[in-house]
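**Student:** Requesting a structural model of the entry that follows:
(2 chains)
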Amino acid sequence: MTHSSNPKTVISIEHLDFGYNGNPVLQDVNLEIHEQEMIGIVGPNGGGKTTLLRLILGLLKPDSGNIYVFEELPARSSHRLGYVPQHMQFDNRFPVSAQDVVLMGLAGQEGFGPFSIKKMRVAHEALETVDLADFGRCPFAELSGGQRQRVLIARALATSPDMLLFDEPTANVDTSAGEKLYKILDQLNRKMTILIVSHDIGFVSRHITSVICVNRNVLVHPTSEIVGQNIIDLYGNDMAMIRHDHRCSQKGHSCSSS
Amino acid sequence: MFQFLNDLHQYTFLQYALMTGIMASIACGVIGSYVTVRRMNYIAGAIAHCTLGGMGVAGYLSKEHGMSFITPLVGAAVAALLAALVIAYMLNRSTMRQDTVLSAVWSIGMAVGIIFISKTSGYSEDLMSYLFGDILMVSSTDLVLITLLDIVLVVTVFLLYNRFVAISFDEEFARISGIHVDLYNTVFLCLVAMTVVLLVQVVGIILVVALLALPAAAAGQLTSRLPAMMFVATLFCLASTTGGLVISYIPDLPAGATIILIAGILYFACSIVDKIRSKIDTFKTLSTTTFS
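**Tutor:** Model (predicted):
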């Protein structure tokens, strides 16, 4: 296990291979993510980004190679990760309020029976952080896509994580809700590492520190800001664009696989 | 109605039947709501049909080998728990298709039951009461066991409610946040098994799925949080079992089928109320946007 001391390594992946039923999905992945970074994982559908995310979360085990999260195996440290899935995957008719969903982040902690007042307070604070303090009693199903996404962020925050991982946060969310989302992300990034998976983004928050391109292999690019008027017109102006067409110098890759 | 109340005063079998209905309603409302929001009715169906195996073996052992302490209810409970454990193991550990596993448990359980019933002398008339239930046949020992099952069930749900909801809503997140999902899913299936055993006494194997699904689905249309859904589902179930018992008593209709019909009527009534309500809501939104 290798890790540099400054800045602190949060996730380290060494020579990782993974495949489903013998079909390789990820090959020889090498990666280090440091504290306080905001990372975007991009790549085409089927390129393996979700697989990489699931490996980090400990839901899948690598075929070979190592993966360490907070210097431990993912299955042991996953409770320190705050995972925010896509809001579209949930049953629209599930009878829960926004606050119920946030409290689910605390369900695994010690204690049986109803939630304590302390846990209720934690949930309320998490809702305040995502600007939804007044929506606690609202049925989850009646919220808009952007609001649901923020409730799921609050649920992840309630677990007091050291890192947040997002799966397609802007999918099925309108532009203004997306902007709000990125504002919240920027705020949270001051306190913790953030990793965002997105399937077609050239567009991510301007605060993103580097981009991991996943298409069976993994390449890490530093972000380079580009102002294209047409993109601003289309997506609003709080965005930066990641160039995939340029060739990074070897120095430009903060780490790379061959 | 008057005749029913009069007889209720007089006959213990009718009192036991009423008590069984009440006990079963609590289990039905609480677990039925979980089963409905988790879309696990087919799992409940498999466990229910598997209880025929247990009841068949119990009948055989008590009639042919004089082990009278093994009542059909005991047999059903053992078979249901066994089925729940097998299903939980298969779903957690194997890559088999879920419906294949369930179909296997479903039909193998029934096959075992049919073979043992056929080998039990003079016992095949009981097949009908297993399949369609006979709430009027519940004995005092059965009632004690039913009450115990109910207490275990309510206490377990009270203690594990938060974990069950978190797993039902998002199993993956629950796993990541440190909940032992496989363990709690196994416990949950055992609770479903207990509920099924209770409900088999009331409406029989074949109609169990309806009693688990209909009151909970009806309640789900009127409520927006799970505890409320459980409470209303329990009330609906209570109305169905008690109503079914009263209505079927004088014309001597099968109680199980009458109970299910009432549950069905309640479900459709709630669906209509829900439809009308959402129509009114749309109309209100439309008129406010038009006139403001």
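
**Student:** in the helix or strand B:Met23 falls within, what counts as buried?
**Tutor:** Using DSSP states H and E, B:Met23 sits within helix B:12-37. Going by neighbour count (16 or more other C-beta atoms under 10 Å in any protein chain shown), the buried part of helix B:12-37 is B:14-18, B:20-37. For every residue, glycine as well, the C-beta is placed using N, CA and C.

**Student:** if we look at chain A, which of these are close to it?
**Tutor:** B:Val37 (C-beta under 8 Å from any C-beta of the partner chain).

**Student:** How far off centre is stretch B:51-65?
**Tutor:** 22 Å (C-alpha atoms, centre = their mean, to the nearest Å).

**Student:** Pull out the CA atoms of it and give them to me as PDB.
**Tutor:** Provided in PDB are the C-alpha atoms of stretch B:51-65 (Å, rounded to 0.1, in the frame of the first residue of the first chain):
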ATOM      1  CA  THR B  51     -46.900 -24.200   4.500                       C
ATOM      2  CA  LEU B  52     -49.100 -27.000   2.900                       C
ATOM      3  CA  GLY B  53     -46.000 -29.200   3.200                       C
ATOM      4  CA  GLY B  54     -45.700 -28.400   6.900                       C
ATOM      5  CA  MET B  55     -49.400 -29.000   7.600                       C
ATOM      6  CA  GLY B  56     -49.400 -32.200   5.600                       C
ATOM      7  CA  VAL B  57     -46.400 -33.600   7.500                       C
ATOM      8  CA  ALA B  58     -47.900 -32.400  10.800                       C
ATOM      9  CA  GLY B  59     -51.300 -34.100  10.100                       C
ATOM     10  CA  TYR B  60     -49.500 -37.300   9.000                       C
ATOM     11  CA  LEU B  61     -47.400 -37.400  12.200                       C
ATOM     12  CA  SER B  62     -50.200 -36.700  14.600                       C
ATOM     13  CA  LYS B  63     -52.700 -39.100  12.900                       C
ATOM     14  CA  GLU B  64     -50.500 -42.000  11.900                       C
ATOM     15  CA  HIS B  65     -47.800 -41.800  14.600                       C
END
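
**Student:** Model confidence score at the nearest residue to B:Val86 once chain neighbours are set aside, please.
**Tutor:** With sequence-adjacent residues excluded and distances taken as C-beta to C-beta, 6 or more residues apart in numbering or on different chains, B:Val86 is closest to B:Val105, at 6.0 Å. At B:Val105, the pLDDT value in this model is 93.

**Student:** now B:Val105: how far from chain A?
**Tutor:** 25 Å (C-beta to the nearest C-beta, to the nearest Å).

**Student:** Then B:Ile167?
**Tutor:** 8 Å.

**Student:** got the angle between the helix or strand containing that residue and helix B:12-37?
**Tutor:** Using DSSP H and E, B:Ile167 falls within helix B:140-169. Between helix B:140-169 and helix B:12-37, the angle comes out at 10 degrees (axes from the mean of the first three to the mean of the last three C-alpha atoms, to 10 degrees).

**Student:** Now do helix B:140-169: which elements does it pack against?
**Tutor:** helix A:98-103, helix B:12-37, helix B:72-93, helix B:171-176, helix B:181-203 (3 or more C-beta pairs under 8 Å, 6 or more residues apart in numbering or on different chains; DSSP states H and E).

**Student:** Sketch out the strands for chain A, chain order is fine.
**Tutor:** A:9-20, A:23-34, A:38-42, A:64-69, A:81-84, A:163-167, A:193-197, A:203-205, A:210-215, A:217-222, A:239-241 (DSSP state E).

**Student:** would a markdown table of those strands with mean pLDDT be doable?
**Tutor:** Formatted as a markdown table, the strands of chain A follow (pLDDT from 0 to 100):
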| stretch | mean pLDDT |
| --- | --- |
| strand A:9-20 | 90 |
| strand A:23-34 | 87 |
| strand A:38-42 | 86 |
| strand A:64-69 | 91 |
| strand A:81-84 | 93 |
| strand A:163-167 | 91 |
| strand A:193-197 | 90 |
| strand A:203-205 | 55 |
| strand A:210-215 | 82 |
| strand A:217-222 | 74 |
| strand A:239-241 | 48 |
